[in-house]
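Enquirer: Sharing a sequence plus its predicted fold:
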Amino acid sequence: MDALGHVNNIMYFRYFEQTRLAWFESMGQMPLASGETGTVIVDNHAEYLQPVVYPANLIVSLSAHSPGRSSFVSTYTIVNEGIITTRGSAKVVWIDSRLQKSVPLPENIRSLVASCEISPDA
């Protein structure tokens, strides 16, 4: 909570992260620390449309678009009681965790992003 009684802005990035990790795990991708490759976030953005006051029952949705050689953009929508409260995005880059350099996206991730690609403005 912040000084005005709203959910603190850093929490939204945690919600995005939890949703992104669950999405990766649903495809059998392991967290970065447990494998040779994984992801880093090179850009994060949040647009706060309505404040969220604790307690709340939030629904966080994820989609993806713009696959590149080693990256894609993930987008998020947070809904509270049928109202969109927050929109966000993150640029996700696949890396070799030992070398700390980008590597091509795994084919299953590239295919999934390409198949669910949406307009960034949607």
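Expert: Structure received. Residues are numbered from 1 along each chain as shown.

Enquirer: By residue count, what's the longest helix in the protein?
Expert: Longest helix in the chain, counting residues (DSSP state H): helix 9-26.

Enquirer: So which residues lie in contact with that one, not counting its own?
Expert: 2, 31, 39, 44, 46, 48, 58, 60-62, 74, 76, 78, 86, 88, 90, 92 (Cβ atoms under 8 Å, 6 or more residues apart in numbering). Where C-beta positions appear, they are placed from N, C-alpha and C, glycine not excepted.

Enquirer: Which of those are buried? Put it as a ChimeraX command.
Expert: The following ChimeraX line selects those of those that are buried, judged by 16 or more other Cβ atoms under 10 Å:
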select :39,46,60,62,74,76,78,86,88,90,92
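
Enquirer: from the contacts of helix 9-26, which ones fall inside strands?
Expert: Mapping the contacts of helix 9-26 onto strands (DSSP state E) picks out 39, 44, 46, 48, 58, 60-62, 74, 76, 78, 86, 88, 90, 92.
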